[in-house]
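Enquirer: below are the sequence and a predicted model; questions follow.
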Amino acid sequence: MSLVGVFDSGVGGLSILDEALRQLPEHDYIYLADSANAPYGEKSSEWIAARSLHLCQFLARANCDAIVVACNTATAEAIKHIRAQVNIPVVGVEPGIKPAAMQSQNGVVGVLATEATLKSDKFNALLATLPSECRFIKQAGAGLVPLIEAGKADSEETLDLLAKHLEPIQDAGSDTLVLGCTHYPFLRKAIRKLLGDSITLIDTSDAVVRQLKRQLETLEQSKKFANSSKQEHGAVRFISSKDDVALRNMAQDLMRSDLQLHDVSSTPLELVE
Ligand code: DGL
């Protein structure tokens, strides 16, 4: 089977890894978190593009057969460059505004994402393809990622900040909310507390993993992985640019999957900035 690299600025991509382990437990994974540099969402396009490319090149050199850029911000700013430079399949993640427009009953959709994602050409090009009858209330979730990184997703502090960010979305009468950052599925409980159960939450991790599955099937059909002799599957190696052990502990707290872990080894120096 295959080795899949999953990359995010921090712990957000664990929401995608969790879904990947549920749908594709037969593969092995490297989860790479650039927590020393999170959040990406308030950094420049150039910085995000260069750093994301550097990390994906590392994953390709670590023998990954495919990469998931499990970060909306890095996908928006860098996926074009990554695909041009890295010679393995690269799957990205985008805010689910299209399924949201299809599912919304009243045509008012909230989009909570990072500032960089909302400003990006890629996001705005996607937005321009959607019917103008649907109104999107875009809100940057400034400050939320650091709280989630600090393990405070369910804290009062997070609830207060989230309430401020969700106010315009709520005031506009949105019946659907796009979780446009992979960190935000970890705020589900807090969002439900603030907005109730009737709002539809759109999270694209299922679609991203289905796309990964198609890519891996194509690779396997090309016989590259036939008769793999690897014994161990569904194992995850966690690498963080900040603290590998802390990342692994966070993963165990945040994810539903039972984790089969590789020993934590020290972060390769080239990832430390
Ligand atoms: N998890 C990320 C995303 O999906 C990045 C958040 C950040 O680092 O600002 O956008």
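Expert: Okay, I see it.
Enquirer: I figured L130 hits P99, correct?
Expert: No: using C-beta atoms under 8 Å as the test, L130 is too far from P99 to be in contact (10.7 Å). Backbone N, C-alpha and C define where each C-beta goes, glycine included.
Enquirer: tell me what the helix or strand containing P168 is packed against?
Expert: Per DSSP states H and E, P168 falls inside helix 156-171. For helix 156-171, the packing partners by 3 or more C-beta pairs under 8 Å, 6 or more residues apart in numbering; DSSP states H and E come out as strand 108-113, strand 135-140, helix 144-149, helix 188-195.
Enquirer: nearest to the ligand, out of those?
Expert: The ligand lies closest, by C-beta to the nearest ligand atom, to one member of those: helix 144-149, at 4.4 Å.
Enquirer: does the ligand sit close to the closest one?
Expert: Yes: for helix 144-149 and the ligand, the contact criterion (C-beta under 6 Å from any ligand atom) is met by V145.
Enquirer: report the contact partners of the residue lying closest to K193 once chain neighbours are set aside.
Expert: Excluding the flanking residues, the one nearest K193 by C-beta to C-beta, 6 or more residues apart in numbering is L159, at 6.8 Å. The contact partners of L159, by C-beta atoms under 8 Å, 6 or more residues apart in numbering, come to A190, K193, L194.
Enquirer: buried members of the residues you listed into ChimeraX, please.
Expert: Per 16 or more other C-beta atoms under 10 Å, the buried members of the contacts of L159 correspond to this ChimeraX selection:
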select :190,194
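Enquirer: possible to save the contacts of L159 as a markdown table with pLDDT and distance to L247?
Expert: Converted to a markdown table, those look like this (pLDDT from 0 to 100; distance: C-beta to C-beta, whole Å):
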| residue | pLDDT | distance to L247 |
| --- | --- | --- |
| A190 | 97 | 22 |
| K193 | 97 | 27 |
| L194 | 97 | 28 |
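Enquirer: verify the stated contact: A142 with E42.
Expert: Yes: between A142 and E42 there is a contact under C-beta under 8 Å: 7.0 Å.
Enquirer: spit out the residues that contact those two alike.
Expert: E115.
Enquirer: circling back to that earlier point, distance to S222 added to the contacts of L159, as JSON lines?
Expert: As requested, the contacts of L159 are exported to JSON lines (distance: C-beta to C-beta, whole Å):
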{"residue": "A190", "distance to S222": "44"}
{"residue": "K193", "distance to S222": "48"}
{"residue": "L194", "distance to S222": "48"}
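Enquirer: which residues of the stretch 1-150 of the chain lie near the ligand?
Expert: So far as C-beta under 6 Å from any ligand atom goes, the stretch 1-150 of the chain lies against the ligand at 8-10, 12, 38-41, 71-73, 114, 117, 145.
Enquirer: if we use 8 Å, what do you get?
Expert: 8-10, 12-13, 38-43, 70-76, 93, 113-114, 116-117, 145 (C-beta under 8 Å from any ligand atom).
Enquirer: give me the subset of those residues lying in strands.
Expert: Those of those mapping onto strands are D8, A113, per DSSP state E.
Enquirer: and D65, how far from H54?
Expert: 20 Å (C-beta to C-beta, to the nearest Å).
Enquirer: what ranges of the stretch 151-273 of the chain fall below the confidence cut-off?
Expert: 223-232, 261-266, 269, 273 (pLDDT under 70).
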